[in-house]
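S.K.: Fold the following and give me the result.
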Amino acid sequence: MTGKPKALPAPTETVVKANALIEAGHRLSLAEQRVVLSAIAQVRRDESLDSRTWHSVTAGGLADVAGIDATDAYESLSEAAQRLYDRSIKITQRPNGEIGPPGPDDADALECRWVQAIHYRRREGRVDLMFSEPVTPYLAQLKTQFTRYQLQHVAPMRSRFGPRLYELLAQWRQKGEREVNLDWLQDVWGIEYKRVYDLKRWAITPAVNDVNAHSDLTVQVGYRKTGRRVTHVQFVFSPKHPEPKQLEAPQSGPARRRDGRLTRKEIERRARPGESYEEAERRIEAALRQSS
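M.R.: The predicted structure is shown next:
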């Protein structure tokens, strides 16, 4: 085991995950997701990640980033510490779009633990964890097919499905819309509701409310039927505060004298080697007329 545990990142730290990890199946609770995402935010995408590296998450840090009471943060951390080691994840894609198993069939899926070691330091209100070796390629040295977002946009959420939905939307941020199959969504989120009404009430609606209340996106939801059965959920979303358009700098024309002729300095700046003053002026004026 090498290296000191890293401190919990500030609320503006960035989470970077392979899309394969976003679309992987797992059942992490909200408390567990907060701990995992806080640790992921400490990983640098462009650096190698040693699976023996400890990452440290504190109750005080969780309280700050999630906007919750310190007592609640301590209980949240305690809950996560007790269960996180036993949590698994099922991944059906390779990082960076690589070819080969894991594949779309369950028989080819990679199932592994999120972490290989966890140390709950109760007196310090802190959890130290090591990501499992199979998970590390999905967190570091990612070149393609990854998603990044700010930890502060998901940490304050109140439903365990909120961060999951936000990631699915952030993955398609440029499109502004995404449609997913309900069976696939339940598989990825680790749930099983026989009635669409229950799926909406207990999973999708709380997730949508979380995204709208806490993230940088606003989302609307709709449903599509195949025959008489509702089979797909549709999300249309956009930034809450769109970045202002970059105004182009005004194109200033060539410097001219009061009588309208080019200044000597302008002619000298544009003149070609060997040209006389008059030749340069005529050529430049002709070129300006053609381009206008």
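
S.K.: Show me the strands in the stretch 101-250 of the chain, by range?
M.R.: Listed in chain order, the strands of the stretch 101-250 of the chain (DSSP state E, counting those that start in this stretch) span 110-113, 115-121, 126-131, 146-150, 177-181, 217-226, 229-239.

S.K.: How far away from the center of its chain is stretch 157-176?
M.R.: 9 Å (CA atoms, centre = their mean, to the nearest Å).

S.K.: for that stretch, how far is the first residue from the last?
M.R.: When the termini of stretch 157-176 are compared using CA to CA, to the nearest Å, they are 21 Å apart.

S.K.: ditto for stretch 146-154
M.R.: Start-to-end, stretch 146-154 (CA to CA) is 17 Å.

S.K.: Numbering from 780 from now on, please.
M.R.: Okay, using 780 as the starting number, the last item reads as stretch 925-933.

S.K.: returning to that earlier point: mind giving me TSV with the strands of the stretch 880-1029 of the chain and columns for distance to residue 858, mean neighbour count and mean pLDDT?
M.R.: Yep, even glycine has a C-beta here, placed from its N, CA and C like the rest. Below are those laid out as TSV (distance: least, CB to CB, whole Å; neighbours: other CB atoms under 10 Å; pLDDT from 0 to 100):
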stretch	distance to residue 858	mean neighbour count	mean pLDDT
strand 889-892	18	16	94
strand 894-900	11	17	94
strand 905-910	11	24	94
strand 925-929	24	18	95
strand 956-960	29	15	96
strand 996-1005	28	14	96
strand 1008-1018	29	16	96
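
S.K.: Reformat the ones you listed as a markdown table; add distance to residue 978.
M.R.: Formatted as a markdown table, the strands of the stretch 880-1029 of the chain follow (distance: least, CB to CB, whole Å):
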| stretch | distance to residue 978 |
| --- | --- |
| strand 889-892 | 24 |
| strand 894-900 | 29 |
| strand 905-910 | 31 |
| strand 925-929 | 24 |
| strand 956-960 | 12 |
| strand 996-1005 | 10 |
| strand 1008-1018 | 9 |
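
S.K.: what about these, which gets the closest to residue 973?
M.R.: Residue 973 lies closest, by CB to CB, to one member of those: strand 1008-1018, at 12.1 Å.
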